[in-house]
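Participant: From the sequence below, what's the structure:
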Amino acid sequence: MRNDILDPTVNRRRKFSLRSLATASVLALTTVTVAPALAQDEPQPDDQTIVVTGVNAPVTTSTGLPLTFMETPQSVTIIDQQRIQDYALTNIKDLLDQVVGVSVERVETDRATFSARGFDVTNFQIDGIGLPLIENTFYGDTDSFLYERIDIIRGANGLTTGVGNPSATVNYIRKRPIFDATHVNVGAYAGSWNKWRLEGDVSVPIGENWAVRALLAHEETDSYLDKYHVNREVYGLVVAGKLTPDLTLTAGYHRQRNDATAATWASLVLLYSDGSFIPYDRSANPAPPWSYWDITEQQAYGELAYAIGSWTVKGIVTYRHYADEFQIDYQYGLPDRVTGLGYAGDSSQFSSTNRRWLGDLYATGKVNLFGRDHQLTFGASYGHSRQETYQGRAISPIQPGIPGYVHYPNFNVPDPFDVPEPVYAAPGIQHDQTDKLTRLYAASQINIADFLKVIAGASWAKYQSNGIYYGEVRDTDVSKLNPYVGVLADVTSFLTAYASYTTIFSPQTQSDINRRQLAPVQGINMEGGIKLNLFDKRFYASAAIFRTEQNGLANFAGVQTGTGGDVFFYYEPEDTISEGFEFEVAGKITPNWSLSGGYTKFKITNTLGTNTQLHIPRQTFKASTTYNMPQLNNASIGAQLRWQSDLAVPADAYGFAVAPVVRQDSYAVLDLMAGIDLVDKVRATVNVRNVTNQLFYNSLAYASYALALYGPGRSFTASLSYRF
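Facilitator: Model prediction:
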């Protein structure tokens, strides 16, 4: 369980909340040998590629090889532009909510984590370049408008980066310039909770060989949560073209600003001090009105690709600058049902920056051996990251000896969360850390026979980290060679069987009770399954079983007071096993009827057979369907459904003789959509989310501390778009 964020005796550790800073530090620097979305001059999918809704491009996320779905020995999902627009999936959290096997843990208003197969999703990429989450945590609300599609490959990262959790890899594919003609897409949205949004997307060719694309979006909205308001603006510029007939250049910049007021730190306390549950409205927000969280993220990148016969040599440089300013209040303690006492806050002002440089150079192409063509990729990458965080804690006139203390006089008043804004001490640096990652890698697709292919390769990674983190010294220097192999056999013209094996390597910075850094996590991941092409390759189906063994995974064990009076968390290594199965479909049943979705079931235990990660649902089902009626002004109707099994997490952090259990019954959320062309090139769409107004918790990740927020109720969004 992620207990470390919530202990009120510890300063800034609660911000960097969710498990394994080390894994995120590694992945913050990871680059992957992945071709970006197909440019105009790159080979387009041939008639052997599956062409269905959501399955219309080679999947290159896994190894850097141009592999289709049928050639990738792992489970794959794509959320394409059509689905993003149909269902108004304008932010990444809403989008990943619809991905088979992925759970979105909205732990707070402005922080979230993602999991798959029982483990945190730590490997995020943009066009295959590893720019994942900071501290495994998603900050703010990343807008999806910059991206053409999102690729998700579930399973271990041995087939992608050689480091990280065996959960999933999420690859954002950027929108790129279009060379054939001018394209314009503008849209306007209005919806529940005073939501409004404007967006524009323009691509213009410049001569025969160059094109530029500009993107701009602005959104403002209140929330189903009291007081919470978000203002988000996004813009990007991309230019691409040929320097010579064989040398192409792509360069771009994008910026997103996300400002939130009444932002939460942790969630609603669910229990009174006697262990009974506190009744709340769905809209209850524990954040005081003076709290805020402002985030700015900028990225600049450049890419050169040189074609030499059947080979391409590509170099990519990416710079990412993340900065945030926030003032938040963490509430702790269980209030007395009668007196309303026992509830308090701990508030701080923070500012942080994270600067990352990443470089990747690789070559990919065909090799002819023994009368057959084979694919080969090899290359090297380097990443450098610098993280700095400053904190100023509240100065309390009520309890001046307790840094950060905010007084809550009586929890039983009508609005117990509206307390005066405190005065803060001058900020001081708490986190100053530099990380470096160097990788060498090679991957191959070997055509043994017409019906048999082998995906094989290896990745060597060296991770170095040094600095300070709230008084602890960070000093890491580890390396590991990770081999992997996948085998695919065409049983029939439409059925392929596959199996894959990869090792796991994930450095950690958590310390044991003696403040000794834990060794890197190591283990194995195995997956096997079948993939099918149906209905003249319009429809795709897969079924997979998987087993993951992780040795030495950091598990929160307690809080210890050091010799200097400081308080620190300590961890114990734990071996875990996750095993289960998945089923997924995607495509067109008829030319006008599309269907996608799937079911995942798994269990995750330690070596004693005890269930772990209790806040993650063991069973999930996701489905989406759309029916088009071209004869009726291209009208369409659709629905998407997500269901998860029940959860039960003991609130065992408060020392109850018998810990109360926070329960979440199994539930389903149904969304409906309808769209129609009003006139040529003008389309209107209406979305209704949570049609049944289902009540549920956003996440039980903090349930051991009896903390959670409710999810949103029924809402609607109407949009109008113009495209030519």
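Participant: Could you look up the SS state of the residue nearest the centre of the chain?
Facilitator: Centroid-nearest residue in the chain: residue 114, 5.5 Å away (criterion: CA atoms, centre = their mean). The three-state assignment at residue 114 reads strand, by DSSP: H, G, I helix; E, B strand; the rest coil.
Participant: distance of the closest residue to it other than its chain neighbours from residue 511?
Facilitator: Nearest residue to residue 114 in three dimensions, chain neighbours excluded: residue 121, at 4.0 Å (CB to CB, 6 or more residues apart in numbering). All C-beta spots, glycine's among them, are computed from the backbone N, C-alpha and C. For residue 121, the distance to residue 511 equals 24 Å [CB to CB, to the nearest Å].
Participant: Tell me which of those two has more neighbours.
Facilitator: It is residue 121, of residue 121 and residue 511, that has more neighbours when counted by other CB atoms under 10 Å, with 29 against 19.
Participant: list the contacts for residue 71?
Facilitator: 445, 453, 455, 488 (CB atoms under 8 Å, 6 or more residues apart in numbering).
Participant: Could you give the bridge partners of the second one?
Facilitator: Per DSSP bridges, residues listed as beta-bridge partners of residue 453: residue 447, residue 488.
Participant: these two touch, right, it and residue 447?
Facilitator: Yes - with contact defined as CB atoms under 8 Å, residue 453 and residue 447 form a contacting pair (5.6 Å).
Participant: neighbour-wise, which of the two wins?
Facilitator: More neighbours surround residue 453 than the other of residue 453 and residue 447, with 23 against 16 (other CB under 10 Å).
Participant: Look up the residues forming beta bridges with the closest residue to residue 218 other than its chain neighbours.
Facilitator: Spatial nearest neighbour of residue 218, excluding adjacent residues (CB to CB, 6+ apart): residue 233 at 4.8 Å. Counting by DSSP bridges, residue 233 forms beta bridges with residue 218, residue 257.
Participant: Against residue 255, how distant is residue 233?
Facilitator: 8 Å.
Participant: Give me the distance between residue 94 and residue 103.
Facilitator: Residue 94 is 14 Å from residue 103, by CB to CB.
Participant: before we move on, the earlier item: show me what contacts the residue nearest to the centre of the chain?
Facilitator: Counted by CB under 8 Å, 6+ apart, residue 114 has contacts 96, 102, 103, 104, 105, 120, 121, 138, 168, 170.
Participant: what's the spacing between residue 500 and residue 430?
Facilitator: Here residue 500 is placed at a distance of 42 Å from residue 430 (CB to CB).
Participant: Please apply the same query to residue 358.
Facilitator: 26 Å.
Participant: can you check residue 325 too?
Facilitator: For residue 325, the distance to residue 430 - CB to CB - is 15 Å.
Participant: what about these two, which has more around it?
Facilitator: residue 430 (21 against 15).
Participant: What strand or helix carries that one?
Facilitator: Per DSSP states H and E, residue 430 falls inside strand 428-449.
Participant: For that strand, name the packing helices and strands.
Facilitator: helix 21-27, strand 372-395, strand 452-469 (3 or more CB pairs under 8 Å, 6 or more residues apart in numbering; DSSP states H and E).
Participant: Longest strand in the protein, please.
Facilitator: Ranked by residue count under DSSP state E, the longest strand found in the chain is strand 344-369.
Participant: List the buried residues in that one.
Facilitator: Using 16 or more other CB atoms under 10 Å as the test for burial, strand 344-369 gives 344-352, 354, 356, 358-365.
Participant: burial measure for residue 423, as a count.
Facilitator: 10.
Participant: What ranges in the stretch 101-250 of the chain fall below the confidence cut-off?
Facilitator: 131-136, 156-165 (pLDDT under 70).
Participant: Confirm residue 626 sits in a helix?
Facilitator: No - counting by three-state DSSP, residue 626 is located in no helix; its state is strand.
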